[in-house]
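Novice: Sequence first, predicted coordinates after that:
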Amino acid sequence: LSLSLCARALHRRTDSAQAFFEQMQQRRSVRAFSADPIPKSVVDDVIATAGTAPSGANQQPWTFLVVRSQQLRSAIRAIVEAEEQINYRKRMGDKWVQDLAHLKTNWEKPYLDTAPVLVLVMKQVHGTQPDGSRQPHYYASEVATGVLYFYFLELVYVLDSCACVC
């Protein structure tokens, strides 16, 4: 009986892994969003879940900032577009820009105004100990932040991002 249970459990895991792979194969970057509101509880749950992503010494070296204000989203868009203009014109180089051409992407980011909510993820370079001294965060720029982004984006995708226009 226990061998049969183990075999069924292994089969379920195999099926789940295959289903997850197939789902991720379909995921693409989204740059068009509905303006439909996203409930605060959904945003809170996505952030809470993403915040459980593995990190060096389990320090979760990130801060989430939720921006709903149209005025702030527009200001963020202006800042992002100014940096992206510099990226496209100077930092990226012709080859990189050419490689992006088929995606029809450029420095303009109108979806930052359209999306009803922006969630900014900021890394924490260090934390603070109870005595006020600095506590270094391990792998804040590398692995931990990458894993966090994966968690966050996958959660949004699983929820159908509540506002994707795809």
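Specialist: Everything's here; your move.

Novice: CA atoms for contacts and neighbours, from now on please.
Specialist: Fine.

Novice: quick one, phi/psi of Thr105?
Specialist: Dihedral angles phi and psi of Thr105 (degrees, to the nearest 10) take the values phi -110, psi 150.

Novice: Repeat that for Ala35.
Specialist: Backbone torsions of Ala35, given as degrees, to the nearest 10, read phi -90, psi 0.

Novice: Wait, Ala57 touches Tyr138, no?
Specialist: Yes: using Cα atoms under 8 Å, Ala57 makes contact with Tyr138 at a distance of 7.1 Å.

Novice: Settle it for me: which of these two has more neighbours?
Specialist: Neighbours were counted for Ala57 and for Tyr138 using other Cα atoms under 10 Å; Tyr138 has more, 19 against 10.

Novice: what's the burial count for the residue nearest to that one when sequence neighbours are not counted?
Specialist: In this structure, Tyr138 finds its nearest non-sequential neighbour in Gly56, 4.9 Å apart by Cα to Cα, 6 or more residues apart in numbering. Gly56 has 13 neighbouring residues, counting by other Cα under 10 Å.

Novice: so how far is Pro136 from Gly56?
Specialist: Plainly put, Gly56 is 10 Å away from Pro136 if you go by Cα to Cα, to the nearest Å.

Novice: do Asp36 as well
Specialist: 40 Å.

Novice: what do you get for Ala82?
Specialist: Relative to Pro136, Ala82 is positioned 32 Å away (Cα to Cα).

Novice: Show the backbone phi and psi for Trp62.
Specialist: Backbone geometry at Trp62, expressed as degrees, to the nearest 10, gives phi -150, psi 160.

Novice: wait, it sits on Met122?
Specialist: Yes: applying Cα under 8 Å as the test, Trp62 and Met122 come out as touching, 5.4 Å apart.

Novice: I'd like to know which elements whatever helix or strand Thr49 lives in is packed against.
Specialist: Assigned by DSSP states H and E, Thr49 belongs to helix 40-50. Packing contacts for helix 40-50, counted by 3 or more Cα pairs under 8 Å, 6 or more residues apart in numbering; DSSP states H and E, involve helix 143-158.

Novice: And stretch 47-66, what's buried?
Specialist: By neighbour count with 16 or more other Cα atoms under 10 Å, stretch 47-66 contains the buried residues Ile47, Ala50, Gly51, Ala53, Pro54, Ser55, Gln59, Gln60, Pro61, Trp62.

Novice: can you redo these as a markdown table with distance to Ser74?
Specialist: What follows is the buried residues of stretch 47-66, written out as a markdown table (distance: Cα to Cα, whole Å):
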| residue | distance to Ser74 |
| --- | --- |
| Ile47 | 22 |
| Ala50 | 25 |
| Gly51 | 26 |
| Ala53 | 30 |
| Pro54 | 32 |
| Ser55 | 32 |
| Gln59 | 32 |
| Gln60 | 29 |
| Pro61 | 27 |
| Trp62 | 23 |
